[in-house]
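Trainee: Generate coordinates for the sequence data below:
(4 chains)
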There are 2 protein chains.
Amino acid sequence: MGASKTEHFTEKQNQIATIAKALGHPARIAIIEYLLKVNECICGDIVNELPLAQPTVSQHLKELKNAGLIKGNIEGNAICYCIDETTFDVLKGYFSNIIAVTKNQKCC
Amino acid sequence: MGASKTEHFTEKQNQIATIAKALGHPARIAIIEYLLKVNECICGDIVNELPLAQPTVSQHLKELKNAGLIKGNIEGNAICYCIDETTFDVLKGYFSNIIAVTKNQKCC
DNA sequence: TTTTAATATAGCAATATTACGATATAGTTT
DNA sequence: AAACTATATCGTAATATTGCTATATTAAAA
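Mentor: The predicted structure is shown next:
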């Protein structure tokens, strides 16, 4: 197959999985970390930073944007990208809950 | 291609990406949530819970285990699975830092 | 208006993932 | 030992992802 059976899972489960999936590639983690370092930048800056071609970086940016992890603002002919905190908050909250619940459990 | 250029990124970046990737599928999120609900269980319980065949569930469990997100203890002929808090702590810490840094930044 | 700059999209090849049926493995029960 | 239970592994088909070159798009600059 290759296709996930998304329809069998809850909306929340699919949401978390989608966000996690977007972070499931080292290049996209590197992009997030670069944005964290420089606050905001344009696609070309990332191309200069990473060992990837411009279309590849553009594609990774698209996926991060679709997942809500970054925002992009048009500034002239360039696009200014930066981290979208909101979605990271969702993740943090989700994992905090897992940890909180697990703390009270005994593992086999 | 299809292969990630893992060698170009830091160990930490690859580590986070690997963990996130393991969570990047709704079935694996569903497994985590089920474990959270029942504390611990065997593979067969998950097979009864999810609309997936036994080998598929087994494969998902393997990936979660490889990523360090769950632990498996042999109990007779069954294997008792439960959440491994440690790895979730790594993620939570990583995202907390991103949020903390981003809070002091101005987005474009 | 032509050129330059910055991104995005199309198309493609290589590889990875997902899911399952069939089967193997390992422990338990009878 | 034979049957049963629980899980893992093999093999495979369908689909998704990754990364690139070539090209399109859009806006600024000359």
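
Trainee: in chain A, which spans are strands?
Mentor: In chain A, the strands defined using DSSP state E lie at A:40-42, A:70-75, A:78-83.

Trainee: Tabulate those (CSV), appending mean pLDDT, mean neighbour count and distance to DNA strand D.
Mentor: For glycine as for every other residue, the C-beta is placed from the backbone atoms N, C-alpha and C. Rendered in CSV, the data for the strands of chain A read as follows (pLDDT from 0 to 100; neighbours: other CB atoms under 10 Å in any protein chain shown; distance: least, CB to the nearest atom of the strand, whole Å):
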stretch, mean pLDDT, mean neighbour count, distance to DNA strand D
strand A:40-42, 96, 18, 12
strand A:70-75, 96, 16, 7
strand A:78-83, 97, 20, 8
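
Trainee: near DNA strand D, which residues of chain A?
Mentor: The interface of chain A toward DNA strand D, taken as CB under 7 Å from any atom of the strand, is made up of A:1-3, A:21, A:24-25, A:27, A:51-56, A:59-60, A:63, A:74, A:76-77.

Trainee: Just the ones in helices from these, please.
Mentor: In this view, those that belong to helices under DSSP state H are A:21, A:27, A:54-56, A:59-60, A:63.

Trainee: Quick one: residues contacting residue A:20.
Mentor: Contacts for residue A:20 were tallied using CB atoms under 8 Å, 6 or more residues apart in numbering or on different chains; they are A:91, B:20-21, B:23-24, B:29.

Trainee: Leaving out chain neighbours, which residue sits closest to it?
Mentor: Spatial nearest neighbour of residue A:20, chain neighbours left out: residue B:23 (3.8 Å); criterion: CB to CB, 6 or more residues apart in numbering or on different chains.

Trainee: what sits against residue A:35?
Mentor: If a contact means CB under 8 Å, 6+ apart, then residue A:35 has A:41, A:70, A:81-83 as its contacts.

Trainee: With distance to residue B:13 added, can I get those in JSON lines?
Mentor: What follows is those, written out as JSON lines (distance: CB to CB, whole Å):
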{"residue": "A:41", "distance to residue B:13": "18"}
{"residue": "A:70", "distance to residue B:13": "16"}
{"residue": "A:81", "distance to residue B:13": "18"}
{"residue": "A:82", "distance to residue B:13": "19"}
{"residue": "A:83", "distance to residue B:13": "16"}
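
Trainee: nearest spatial neighbour of residue A:94, skipping sequence neighbours?
Mentor: Leaving out its chain neighbours, residue A:94 is closest to residue A:16 (CB to CB, 6+ apart), at 5.8 Å.

Trainee: To what extent is that neighbour buried, counted in neighbours?
Mentor: Applying other CB atoms under 10 Å in any protein chain shown, we find 23 residues neighbouring residue A:16.

Trainee: For DNA strand D, what's its nearest residue on chain A.
Mentor: The minimum distance from chain A to DNA strand D, using CB to the nearest atom of the strand, falls at residue A:2 (2.3 Å).

Trainee: Can you give me every residue that contacts that residue?
Mentor: Counted by CB under 8 Å, 6+ apart, residue A:2 has zero contacts.
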